[in-house]
Every structure is written in structure tokens, then in C-alpha cells.
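> attaching a predicted model along with its sequence, questions to come.
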Amino acid sequence: MRRRNIFCFCLVTIITFTIFHCTLLFAGSATLSWTRPTTNTDGTPLTDLAGYRIYYGTSSGNYTQSINAGNVTTYTVSNLTAGTTYYFVATAYDTSGYESGYS
């Protein structure tokens, strides 16, 4: 199966900031936001973006949960355990179903 990288933005910085605030201010949920990419990693225009998937877990690199966020640029993950640190990554997928690597 061919994978296509269609992410051209950095979500990790935004999520790290969100996790910090979520732990202190919004126990039980985390609101993630990102900027919609406009180009593929090879520089060609991105014309077939279909949506995003969010993966998360309680240890870095081990993402046991996933959510299809749809074609939005802000998503709130709820039902998180207060006092637990969560790690988030996201992927983008196109209309053909190809999914990018983790952000």
C-alpha cells in the first residue's frame, strides 16, 4: 500500500502547548488545533485533502487510541483521565484513502 505524505505543517508544537494547558486547565479533555496544509511534501498543490486522524496514548510512540476527526482544523478529545499525561499525533488523509505519516 502506498503512503503519501500530505502534511506540511507542524502539529507537535501546538499539541505540546495544548497538553500543558489541558493538564492544568481542562482536566478530562484536550483541544487540538492546526493549520490546514496547502501543499504536498513534494511541493505540489494539495487538492484532495479529505480529513485528519488523531492518534493518542499515554506513552510517546505508543498510540493506542484513534479518532477520525473529519475535515476540521480543531478537535476536542474528551473522556481523558485527569492527571494522566497524553501524547498526540495526527495524520492527514486524501480522497483516495492514502494517509500521511505522523505529525
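Thanks, I have it. Numbering: from 1, shown residues only.
> which parts of stretch 45-58 are buried?
By 16 or more other Cβ atoms under 10 Å, the buried positions in stretch 45-58 come out as 46, 49, 52, 53, 54, 55, 56. Bear in mind the C-beta positions are built from the backbone N, C-alpha and C, glycine included.
> just the ones of these in strands?
Members of the buried residues of stretch 45-58 lying in strands (criterion: DSSP state E): 49, 52, 53, 54, 55, 56.
> how many other residues sit next to the nearest residue to the fourth one once chain neighbours are set aside?
Once flanking residues are discounted, residue 54 sits nearest to residue 67: 4.7 Å by Cβ to Cβ, 6 or more residues apart in numbering. For residue 67, the tally of surrounding residues (other Cβ atoms under 10 Å) stands at 14.
> so where does residue 67 fall, helix or strand?
According to DSSP states H and E, residue 67 maps onto strand 65-70.
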